[in-house]
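Engineer: predicted structure and sequence below. I'll ask about it afterward.
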Amino acid sequence: MVIKNRVKELRARHDLTQGNLADHVNVTRQTIVALEKGSYVPSLMLAMNIARTFKLPIEEIFYLEDEES
Amino acid sequence: MNIFRQGSAIIVMLLLFGCAMSAFYYASVDIAEYFKDTSRDYIFKINILPFILFFVIGGFLTFVSYRKKKRKKMNFTKTLWVPDEFEEKDEREQQITARACRSAYISMLYAFPLITVLLLFYPFISNVVPYYPIIVFTLLPLTQIMTYIISWQKNYK
C-alpha cells in the first residue's frame, strides 16, 4: 500500500504555485515538490495544514492505494 | 540547505587539522627529546605553515558560517555548537537528517575495525611516515561526514 495525494491537482485548482503553498503550510518548496512526486509522505500536522489550506478533509486529499495500480 | 558546500567546509577543516597535527608530531618528538636532554639550545622546531593555513582558512569558514547563522537570528548556543548540517528548514529535512545520521552511525561500525586494522601497519611504515596514526585517525570523522553527505544528497532528491 502507498499513500497518494491530490495536492498537485488541488493546487492548480486553487491557483497556487508550489512556493505559495509551501509558504501557507510552512515548509520548503522542495517538500511540496517531493509530496507531489509521491516520494515524501507528510506528517499528520503537514497533512492537516494542507487540508486546511484547501478547505477539504484529509481523506479527500491523501488516500491509500495498492502498489500495483 | 546546501549540504555539499557545508560538508566540504568541514572536510577541508578536518584535512587541515590533520595536516597541522601531523606537523606537530615532529615538534612533540622534539619536546620529548628535550626533556631527556635539557642542555639542548632549543625545545622544538615546527613547520608552522599547516597551522597558519588551518587558522586562516578555518577562521574564514567559521566566520562565514557564524555570519549566516546570525542573519537567520539563531540563538547563541545554536550558533556556536550546532553544525551547519543540522539547519533543517522543515519536517522533510529533519527526516533526511535523521536518515543521514543513521547511515553515519552505521558507517562508524564498519570504519572502526577497518581503521584499527590500518593501524596495525604502523610498525612497517613508522620510519617513513611517523605521523601515520594521525592520518589514519583522521579517516574516522572523514568517513562519518562523507557518509552523512552522500546519504543526505541521496534522500534529498
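Structural biologist: Looks like it came in fine.
Engineer: residues contacting B:N127?
Structural biologist: Under the criterion of CB atoms under 8 Å, 6 or more residues apart in numbering or on different chains, B:N127 has no neighbours. For the C-beta atoms, the positions are set from N, CA and C on the backbone; glycine is no exception.
Engineer: and the pLDDT at it?
Structural biologist: The score at B:N127 is 91. That number is its pLDDT.
Engineer: for chain B, give me the ranges with low pLDDT.
Structural biologist: In the predicted model of chain B, residues B:1, B:74 satisfy pLDDT under 70.
Engineer: contacts only, for whatever residue is furthest in space from the centre of it.
Structural biologist: Computed with CA atoms, centre = their mean, the residue of chain B farthest from its C-alpha average is B:S39, at 37.4 Å. B:S39 makes contact with no residue, according to CB under 8 Å, 6+ apart.
Engineer: check which helices and strands the biggest helix by length in chain A sits against.
Structural biologist: The helix that spans the most residues within chain A, counting by DSSP state H, is helix A:44-54. For helix A:44-54, the elements it packs on are helix A:18-25, judged by 3 or more CB pairs under 8 Å, 6 or more residues apart in numbering or on different chains; DSSP states H and E.
Engineer: hey, C-alpha coordinates of the helix it packs on in CSV?
Structural biologist: Extracted C-alpha coordinates of helix A:18-25, given in CSV (Å, rounded to 0.1, in the frame of the first residue of the first chain):
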residue,chain,number,x,y,z
GLN,A,18,4.4,25.4,-5.2
GLY,A,19,6.1,28.3,-3.5
ASN,A,20,2.7,29.8,-2.4
LEU,A,21,1.5,26.5,-0.9
ALA,A,22,4.9,26.0,0.8
ASP,A,23,4.6,29.4,2.4
HIS,A,24,1.0,28.6,3.5
VAL,A,25,1.9,25.4,5.3
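Engineer: buried sites along that helix?
Structural biologist: A:18, A:21-22, A:24-25 (16 or more other CB atoms under 10 Å in any protein chain shown).
Engineer: in the longest helix of chain A, what's buried?
Structural biologist: Buried, per 16+ other CB under 10 Å, within helix A:44-54: A:46-47, A:49-51, A:53-54.
Engineer: then stretch B:36-51?
Structural biologist: For stretch B:36-51, the neighbour count (16+ other CB under 10 Å) marks B:46, B:50-51 as buried.
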